[in-house]
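Peer 1: Sequence first, predicted coordinates after that:
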Amino acid sequence: PRPQCRLHALQPQILLLREGADTSQGRAQIISNINACQAVVECVKSTLGPRGMDKLIHSENKATISNDGATVIKLLEIVHPAAKALADVAVSQDSEVGDGTTSVVVLAGEFLKEAKAFVEEGMHSRVVIKAFREACQLAVEKIHQIEVSWGQISDEERRDKLVKCASTALNSKLVAHYKDLFGEMCVDAVLRLGKDLNREMIGIKHVKGGSVTNSFLVDGVAFKKTFSYAGFEQQPKKFEGPKVVLLNIELELKSEKENAEVRIEDPSQYQSIVDAEWEIIYDKLAKIAESGAKVVLSKLPIGDLATQYFADRDMFCAGRVPQEDLQRVAKATGAQVLTSVSKVQEESLGTCGLFEEVQIGSERYNVFKQCAKAETATIVLRGGADQYIEEAERSLNDAIEIVRRTMQNSAVVGGGGAVEMELSRFLRDYSRTISGKQQLVINAYARALEVIPKTLAENAGFDSIEVLNKLRQKHATGADGRWFGVDMNEGNITDTYEDFVWEPSVVKLNAIASATEAACLILSVDETVKDAQNQPQPTQAQQAMARGRGRGRGRGMR
């Protein structure tokens with residue numbers, strides 16, 4: 001008898017994806033994703049540490065010089081879907097703790113590099129992920145065990161320790177040579193905040209020109225002089241103990257909206273309408289003047305009429321004040337932002353010890369000082385180039401975030417790769433107590449942690465192998481060698497805790513947890529489907545041209 005044709009051989013192929021969709025899967029896809037992440041890591045790896053190099057990124061008409069990992073990754077505009085996950089980790093680290101963005105990318109890249117060998121040898125990625133998560137949990141518990149908490153200390157001691165943490169954060173920045181100046185500046189700014197430690201209450205202003213050492217901290221609010229009308233120069237520019245009123249209304253004559261019309265029967269009535277408009281604006285100005293305020297700020301414009309009115313009464317006014325600066329003035333002076341002047345009450349006014357307009361470089365600034373309710377501060381940055389000032393601001397932002405986190409959680413660990421070496425030793429010892437594939441993976445995780453001190457040494461031009469061997473030997477001695485890390489000055493090893501190279505433990509906790517999660521996320525993806533882009537349908541004219549092409553149609557006469 002003839003063999004029967006198998007039924008499934010006649011079934012049509014089932015297509016789930018749009019025509020042109022690109023799909024890749026399996027072990028090769030995991031390795032491809034790891035390789036893409038390695039390319040990102042190589043971009044930022046050389047920026048790690050006090051001797052790290054800077055990156056110059058040119059996009060459109062702007063050039064940015066930075067060694068901040070999150071900034072560099074943002075400007076790279078990564079499009080690879082797996083590498084984007086690594087970029088998101090750096091951004092989350094920056095928003096969560098403010099520092100350690102390069103460390104978290106380098107750690108995640110090294111975890112993936114170690115995992116790649118296991119995947120290529122046929123180990124299932126789920127086995128690697130499980131071991132990585134176990135190692136991460138052990139590392140976090142170990143950090144909690146060895147972290148040094150300050151406990152109950154005096155305000156002076158606390159400030160001194162916070163300055164050391166800020167200086168450590170600034171060590172790897174462009175302004176590292178001025179870390180003593182900016183470290184104290186950042187700590188003083190944060191200490192002026194309220195209990196909520198609201199970062200928005202610290203303003204950073206740029207004034208091009210002068211030396212970076214001319215930068216200073218204002219115990220209050222400073223903002224650039226706003227656009228002003230004629231009559232502004234007649235106003236006094238300095239007050240002692242003035243009352244301050246903050247507004248969110250326009251103080252100028254406004255033309256009517258479109259299609260507005262007023263019908264009159266007698267031409268003489270036109271003047272009464274004009275007079276009514278003037279009475280409205282004069283009534284507003286009179287009520288502000290009667291309140292006793294000497295400084296008037298508004299988010300919306302203050303016109304030439306109001307400017308001259310205030311000048312005649314020895315009052316200062318500024319319109320178009322940025323929202324964030326207005327909020328800081330409100331916080332510093334205790335004033336409330338008013339949307340109407342129909343009834344300006346005494347409790348809605350603010351006050352400060354001294355208000356003055358000062359010249360800073362080529363700019364004029366309005367400065368509020370000696371504010372009794374001050375829970376805000378302003379840092380005025382000076383420098384020769386815009387790129388330098390912008391990088392200085394990014395550096396100060398990191399240091400400010402570190403000080404804020406340290407005040408909220410006053411536990412620190414030794415920097416310079418010391419805590420990573422201690423965790424590596426601990427996990428390596430732990431891996432010898434277990435069996436199976438977990439032992440291999442946890443040992444690889446421990447080896448990956450050594451990338452931080454290794455990269456620190458390489459970026460400083462030292463022999464990383466020699467430095468790592470010395471660190472392994474010192475950490476093997478027990479608690480006495482716990483805080484030994486890379487000495488960036490001598491190319492040797494040193495007790496970083498004794499040298500006041502401190503980092504908040506929350507930075508390390510967040511970095512290790514985020515790097516591990518990012519590595520596990522990328523390892524868990526074994527298939528990437530790229531949907532075919534929607535191609536616009538050709539018009540009838542385009543179809544006609546396509547049909548006629550090559551057949552002699554449409555040829556012009558010669």
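Peer 2: Received, thanks.
Peer 1: Can you check the pLDDT for the nearest residue to Ile402 once chain neighbours are set aside?
Peer 2: Residue nearest to Ile402 in three dimensions, not counting chain neighbours: Ala169, with 4.4 Å by Cβ to Cβ, 6 or more residues apart in numbering. C-beta coordinates here come from the backbone N, C-alpha and C atoms, glycine included. Per-residue pLDDT puts Ala169 at 82.
Peer 1: Ala169 is in contact with Asp398, isn't it?
Peer 2: Yes. Ala169 is in contact with Asp398 according to Cβ atoms under 8 Å; the separation is 5.5 Å.
Peer 1: Neighbour count for those two, which is higher?
Peer 2: Taking neighbours as other Cβ atoms under 10 Å, Ala169 and Asp398 compare with Ala169 leading, 29 against 23.
Peer 1: Contact partners for the more buried one?
Peer 2: 98-99, 398-399, 402, 503 (Cβ atoms under 8 Å, 6 or more residues apart in numbering).
Peer 1: so of these, which ones are in helices?
Peer 2: 398-399, 402 (DSSP state H).
Peer 1: Those into JSON lines, with extra columns for pLDDT and distance to Arg133?
Peer 2: Below are these laid out as JSON lines (pLDDT from 0 to 100; distance: Cβ to Cβ, whole Å):
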{"residue": "Asp398", "pLDDT": "84", "distance to Arg133": "29"}
{"residue": "Ala399", "pLDDT": "87", "distance to Arg133": "32"}
{"residue": "Ile402", "pLDDT": "84", "distance to Arg133": "27"}
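Peer 1: Name the residues contacting each of Ala169 and Asp398.
Peer 2: Contacts common to Ala169 and Asp398, judged by Cβ under 8 Å, 6+ apart, are 98-99.
Peer 1: all strands in the stretch 251-400 of the chain, in order from the N-terminus.
Peer 2: Applying DSSP state E, counting those that start in this stretch to the stretch 251-400 of the chain gives strands spanning 295-298, 316-318, 337-338, 350-351, 354-360, 363-369, 377-383.
Peer 1: Need those strands in TSV (columns: mean neighbour count).
Peer 2: Listed next are the strands of the stretch 251-400 of the chain as TSV, based on neighbours: other Cβ atoms under 10 Å:
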stretch	mean neighbour count
strand 295-298	26
strand 316-318	24
strand 337-338	19
strand 350-351	23
strand 354-360	16
strand 363-369	19
strand 377-383	23
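Peer 1: Mean pLDDT for those strands - can I get that in JSON lines?
Peer 2: Below are these laid out as JSON lines (pLDDT from 0 to 100):
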{"stretch": "strand 295-298", "mean pLDDT": "91"}
{"stretch": "strand 316-318", "mean pLDDT": "90"}
{"stretch": "strand 337-338", "mean pLDDT": "89"}
{"stretch": "strand 350-351", "mean pLDDT": "88"}
{"stretch": "strand 354-360", "mean pLDDT": "89"}
{"stretch": "strand 363-369", "mean pLDDT": "89"}
{"stretch": "strand 377-383", "mean pLDDT": "88"}
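Peer 1: Of all the ones you listed, which one is nearest Glu77?
Peer 2: strand 377-383 (26.8 Å; Cβ to Cβ).
Peer 1: what does the model give His8 for pLDDT?
Peer 2: In this model, His8 carries a pLDDT of 48.
Peer 1: Kindly apply the preceding question to Gln145 instead.
Peer 2: So Gln145 comes in at 90 (pLDDT).
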